[in-house]
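J.: I'll drop the sequence and a predicted model, then ask my questions.
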Amino acid sequence: MNNSDSRYEKGTAGAFLAEKELLRHDTVAAKVDGKVIDLQSAISEDASISPVHATESDALEVIRHSTAHVMADAVQRLFPGTKVTIGPSIENGFYYDFDKVGGGFTEDDLAAIEKEMKAILKDRKSFVRKLVTREEARQLFDGMGESYKLELLDAIAEDVPVTLYYHGDWVDLCAGPHIPDTRFIKAFKLLSTAGAYWRGDAKNKMLARIYGTAFADKKDLRAHLDALEEAKKRDHRKLGKELDLFSIDDQIGGGLVLWHPKGALVRTLIENHWRSVHMKHGYELIMTPHVGRSKLWETSGHLENYADDMYAPMDIEGNPYYIKPMNCPFHIAIYRNSLKSYRDLPLRWAELGTVYRFERSGQLHGLLRVRGFTQDDAHIFMRPDQLEAEIRRVVRFSLKLLGDYGFTDLDIMVATRPEEKSIGDPAAWEKAEAALKAGLEAEGVPYSIDVGGGAFYGPKIDVKIKDAIGRVWQCSTIQVDFNLPERFDLTYVGEDSAKHRPVMIHRALLGSIERFFGIMLEHYAGAFPMWLAPVQVSLLTVADRHVEYSRKLESTLKSHQFRVSVNDDNEKLGAKIRQTRLARVPAMAVIGDKEVEQGGVSLKTRADGDLGFISIEDFIRFMEEKAAPPEI
RNA sequence: GCCCACGUAGCUCAGGGGUAGAGCACCUCCUUGGUAAGGAGGAGGUCAUGAGUUCAAAUCUCAUCGUGGGCUCCA
């Protein structure tokens, strides 16, 4: 046995691992029944226990949490009077919220805090766990003036033990687990500052948050920071500007998107593909107006439940009209326009419907969060017995459409009834939730449950996609609705010639065209696949005498429906190649003396590399193959 | 909306109480060049907007608008 076990009292996880000779120099914590605890925690004799080493993923959250403590220590040294609140580890790092005298932190503060942390870490300090009574804790934090800790203390359930964690003199009320000592903190970085409400409630005081991250070693930290750089390079706002795809003009208003010719072209291609696949897969396309009378929104329940997200009404001849935040009431109006038979159902009606929602200025974000956007919306009206089959159909369709853009790594959730603000009979909610789960299960699609995450009118399936660099985005949403058919008194005539109530599914697959465009732009890092690229091929002339041939070829290619441009700039070939690459054009064809003589081009593409000389006929065949959109 | 930061040429950014700067892009000219930037010249800015302090404000102060990072919410 090594002598490190002397650090741990008998009966603790550390001592236990030492006895079994499982305690290593790099053991950060222990895992008991799937739960990570620290080495100082007491365990029962018969527990099954395994060590967690620094390089394992379970160790990360422990290391990060401990790093957050050291950061809080540094902050309190540098900014006396600052109170601590909470500081958990999160997905890619950690944060700590402070109540700082005189407001938030600046970027310069971060550098100073990092420096102070390094000073603290200079000599190794053990993390010491101390089990205390509520009264002891209360006295301690009261004496320190840490009012937030007192509040947290009061919120700890009676049967949960109260623990303190020390490193050196610094102490925090904390459930742990923590690393054995500070030598495990060797790769961290403070990343940003932010405001955050105490306990996430806008009614509470705004605290000063610092985000940071930490890893087991410098190499992993470096990789993470590089990934952040990569994400920055892919930022759709940056690419949108560089590639001249869209802009947002403050003269027009935040969250209102201007589509430039190239962006509008890509968007049109997406929408045309969308229309084709919908028609192929049993939908009919409809179109509806952008505003409607207030009565409509009263009936739908929007004014009651959704008014905060709607714009103020406009007065038209004394009647209030609202700009639409959703398309559903209009689709319902079409349904109501004539009597429906059970034989008509299901009706699948789809629309690229532009809606407007009030977003507070602070939430707007490029194309991902806007005030006016186009949903790829559809409503399916059906008999109750058709519900599960329709859900299966929509789920399949959603996977197909997202797959067309290369999104195959999905995260699917069933969102259930929200606690507040929901309408309709709870029994109907349960029925709908069961139908969604059954639909997913029948398709063999794994999912998790988002408790209380449903819309006010019904539960839903949310499909999130994972992009090329592993980030997750919400796209498809499939919502069952028993309520609107009730509210609008929708009926169909059944076999029994009596009136029956249809069920509705609301669904958007791409989500919103704006957001999907932004996600896709980042996913492809601006390099659209051939079928979506605004310019598919650029013809590069070597010298002026090749322009005429290139122009002729350009019109030939245009007559084959290719998107082609000629670069006859007064530049050398190298410069033209660079321009073509920067514009993310997927193919370039060099045209010089040789190509003109032999009647072809020298072709180079992003996907297939340098293909050398190719005749015009082969070039066209090649383009036809590569530019074909996904099968509908 | 709230906290913090930022707003200078089409873009990326420097400057900072005393006549507004660079690179790229743009225009003109030279060059006709073979696989990631050929050369020279030119044009381009009420320094976001409005007030205030000052002999003097792009620079300091305040307000407004906008943008960014978050918080809450969501397609």
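T.: Looks like it came in fine. Numbering: from 1, shown residues only, chains lettered A, B, ... in the order given.

J.: Which residue ranges of the stretch 351-500 of chain A form helices?
T.: In chain order, the stretch 351-500 of chain A shows helices spanning A:387-404, A:426-442, A:483-487, with DSSP state H, counting those that start in this stretch as the criterion.

J.: Work out the gap between the longest one and the centre of the chain.
T.: When you say that, I think you mean helix A:387-404. For helix A:387-404, the distance between its averaged C-alpha position and the chain's averaged C-alpha position is 21 Å (CA atoms, centre = their mean, to the nearest Å).

J.: quick one, that helix and helix A:426-442 angle?
T.: 50 degrees (axes from the mean of the first three to the mean of the last three CA atoms, to 10 degrees).

J.: Next, count neighbours for the residue in the stretch 251-400 of chain A that RNA strand B sits nearest to.
T.: Residue nearest to RNA strand B within the stretch 251-400 of chain A (CB to the nearest atom of the strand): A:G362, separated by 2.3 Å. In short, each C-beta sits where N, CA and C put it, glycine included. Applying the criterion other CB atoms under 10 Å, we find 8 residues in the vicinity of A:G362.

J.: Could you dump the helices of the stretch 351-500 of chain A into JSON lines and include mean pLDDT?
T.: Formatted as JSON lines, the entries for these read as follows, by pLDDT from 0 to 100:
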{"stretch": "helix A:387-404", "mean pLDDT": "93"}
{"stretch": "helix A:426-442", "mean pLDDT": "87"}
{"stretch": "helix A:483-487", "mean pLDDT": "89"}
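
J.: could I get those helices as TSV with distance to RNA strand B and mean neighbour count?
T.: Listed next are those as TSV, based on distance: least, CB to the nearest atom of the strand, whole Å; neighbours: other CB atoms under 10 Å:
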stretch	distance to RNA strand B	mean neighbour count
helix A:387-404	12	19
helix A:426-442	15	18
helix A:483-487	15	19
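
J.: what's the neighbour count on A:E107?
T.: Applying other CB under 10 Å, we find 9 other residues in the vicinity of A:E107.

J.: any idea how far RNA strand B is from it?
T.: Distance, A:E107 to RNA strand B, using CB to the nearest atom of the strand, to the nearest Å: 7 Å.

J.: Residue ranges in the stretch 351-500 of chain A under the pLDDT threshold?
T.: A:420-421 (pLDDT under 70).

J.: nearest spatial neighbour of A:V493, skipping sequence neighbours?
T.: Once its chain neighbours are removed from consideration, A:V493 has its nearest residue in A:S341; the separation is 5.2 Å (CB to CB, 6 or more residues apart in numbering).

J.: where's that neighbour relative to A:E390, distance?
T.: 18 Å (CB to CB, to the nearest Å).

J.: ditto for A:L191
T.: Plainly put, A:L191 is 45 Å away from A:E390 if you go by CB to CB.

J.: tell me how far stretch A:564-573 is from the chain's mean position?
T.: 39 Å.

J.: again, but for stretch A:312-320
T.: 37 Å.

J.: mind showing which ranges of the stretch 101-250 of chain A have poor pLDDT?
T.: Within the stretch 101-250 of chain A, the ranges that satisfy pLDDT under 70 run A:102-103.

J.: quick revisit: redo the helices of the stretch 351-500 of chain A as a markdown table? Include distance to A:M520.
T.: As requested, those are exported to a markdown table (distance: least, CB to CB, whole Å):
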| stretch | distance to A:M520 |
| --- | --- |
| helix A:387-404 | 10 |
| helix A:426-442 | 25 |
| helix A:483-487 | 31 |
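
J.: From what I see, A:D462 and A:S448 are in contact.
T.: No - the pair A:D462 and A:S448 fails to qualify as a contact (CB atoms under 8 Å) at a distance of 10.1 Å.

J.: How about the closest residue to RNA strand B within the stretch 501-632 of chain A: what's its closest non-neighbour residue?
T.: Of the stretch 501-632 of chain A, the residue with the smallest distance to RNA strand B, taken as CB to the nearest atom of the strand, is A:G592 at 2.1 Å. Take A:G592 and drop its neighbours on the chain: the residue closest to it by CB to CB, 6+ apart is A:V542, 3.5 Å away.

J.: intersection of neighbour lists for A:D462 and A:S448?
T.: With CB atoms under 8 Å, 6 or more residues apart in numbering applied, the overlap between the contact sets of A:D462 and A:S448 consists of A:I412, A:M413.

J.: How about the contacts made by the residue lying closest to A:A208 once chain neighbours are set aside?
T.: Closest residue to A:A208 apart from its sequence neighbours, by CB to CB, 6+ apart: A:G104 at 4.1 Å. Taking CB under 8 Å, 6+ apart as the definition of contact, the neighbours of A:G104 are A:T193, A:G195, A:A208.

J.: Confirm that the first one sits in a strand.
T.: This means A:T193. Yes - residue assignment for A:T193, taken from DSSP: H, G, I helix; E, B strand; the rest coil, places it within a strand.

J.: ok, now how distant is it from A:A187?
T.: In this structure, A:T193 and A:A187 are separated by 21 Å, where distance is defined by CB to CB.

J.: So A:G87 lies in a helix, does it not?
T.: No - according to three-state DSSP, A:G87 belongs to no helix; its state is coil.

J.: can you pull out the helices in the stretch 201-350 of chain A?
T.: Using DSSP H, counting those that start in this stretch, the helices of the stretch 201-350 of chain A run over residues A:218-233, A:236-242, A:261-280, A:294-300, A:302-305, A:328-336.

J.: Report the backbone C-alpha coordinates of the third one in PDB.
T.: Pointing back at helix A:261-280 there. Output of helix A:261-280 as PDB, limited to C-alpha atoms (Å, rounded to 0.1, in the frame of the first residue of the first chain):
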ATOM      1  CA  PRO A 261     -29.400  38.400 -54.000                       C
ATOM      2  CA  LYS A 262     -27.100  35.500 -53.100                       C
ATOM      3  CA  GLY A 263     -28.800  34.800 -49.800                       C
ATOM      4  CA  ALA A 264     -32.200  35.000 -51.400                       C
ATOM      5  CA  LEU A 265     -31.100  32.600 -54.100                       C
ATOM      6  CA  VAL A 266     -30.000  30.000 -51.600                       C
ATOM      7  CA  ARG A 267     -33.200  30.500 -49.600                       C
ATOM      8  CA  THR A 268     -35.300  30.100 -52.700                       C
ATOM      9  CA  LEU A 269     -33.500  26.800 -53.400                       C
ATOM     10  CA  ILE A 270     -34.300  25.600 -49.900                       C
ATOM     11  CA  GLU A 271     -37.900  26.700 -50.300                       C
ATOM     12  CA  ASN A 272     -38.300  25.100 -53.700                       C
ATOM     13  CA  HIS A 273     -36.900  21.800 -52.400                       C
ATOM     14  CA  TRP A 274     -39.200  22.100 -49.500                       C
ATOM     15  CA  ARG A 275     -42.300  22.600 -51.700                       C
ATOM     16  CA  SER A 276     -41.300  19.700 -53.900                       C
ATOM     17  CA  VAL A 277     -40.900  17.200 -51.000                       C
ATOM     18  CA  HIS A 278     -44.100  18.300 -49.400                       C
ATOM     19  CA  MET A 279     -46.100  17.800 -52.500                       C
ATOM     20  CA  LYS A 280     -44.500  14.400 -53.000                       C
END
